[in-house]
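**Q** The following comprises the amino acid sequence and a computationally predicted model.
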Amino acid sequence: MERTFLAIKPDGVQRGLVGEIIGRFEAKGFTLVGMKLMTASRELAEQHYGVHKERPFFAGLVDFITSGPLVAMVWEGDGVVASARKIIGATNPLNSEPGTIRGDLAVNVGRNIIHGSDAVETANEEIRLWFKEEELSSWTPCLTPWIVE
Ligand code: IDP
Ligand code: MG
């Protein structure tokens, strides 16, 4: 089953939006298979955002993402990687459509409250980076037959 890595960034945690954000993925019908509140080390943040290391915002991004607790999560479901990106919205919240998490809850690209993996392969790498296998639970919600035929 397809899985994606999502993280409610320190701004989302500080703003008290954890429940609101998780609720959107629950209500959609995806399955939560891993979750932890943690403060990321610089090493972890630099690895996670390694693809951006030459960008001018990289140092500030690492400072920000390590500045306090975030909520790291793994969600499961058919098509969850691309669907979660749509639910999250465009990177710059001023361009994110209303109805998306960033479109509804954020205004600044450096404070866009949530991360979501951008492809299945990236998702698998990010899940391995952030979680140990034993931290993930494979389970079938009892509502599944009412959500997936
Ligand atoms: P994504 O989070 O929508 O996948 P990416 O382009 O992968 O967006 O950028 C990773 C993160 O880096 C963004 O979510 C945002 O927090 C930050 N970021 C991207 N572009 C900028 C920028 O121009 N200024 C400040 N931060 C940026
Ligand atoms: Mg990205």
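**A** Happy to help now that I have it. Quick caveat: nothing in here was measured; it's all calculated off a predicted structure. Numbering: from 1, shown residues only. Ligands and ions are numbered 1, 2, ... in the order given.
**Q** mind listing the strands for the protein?
**A** Ranges of strands in the chain, per DSSP state E, are 3-8, 31-38, 70-76, 114-116.
**Q** Kindly compare burial across those strands and name the winner.
**A** Highest mean neighbour count among those (mean count of other C-beta atoms under 10 Å): strand 3-8, with a mean of 25. Backbone N, C-alpha and C define where each C-beta goes, glycine included.
**Q** How far off centre is stretch 35-53?
**A** 12 Å (C-alpha atoms, centre = their mean, to the nearest Å).
**Q** Over to stretch 65-81 now: how far is its first residue from its last?
**A** 21 Å (C-alpha to C-alpha, to the nearest Å).
**Q** Quick one: residues contacting residue 45.
**A** By C-beta atoms under 8 Å, 6 or more residues apart in numbering, residue 45 lies in contact with 61, 62, 65, 66.
**Q** Can you tell me which of those residues has the most neighbours?
**A** In terms of neighbours by other C-beta atoms under 10 Å, the contacts of residue 45 top out with residue 65 at 22 neighbours.
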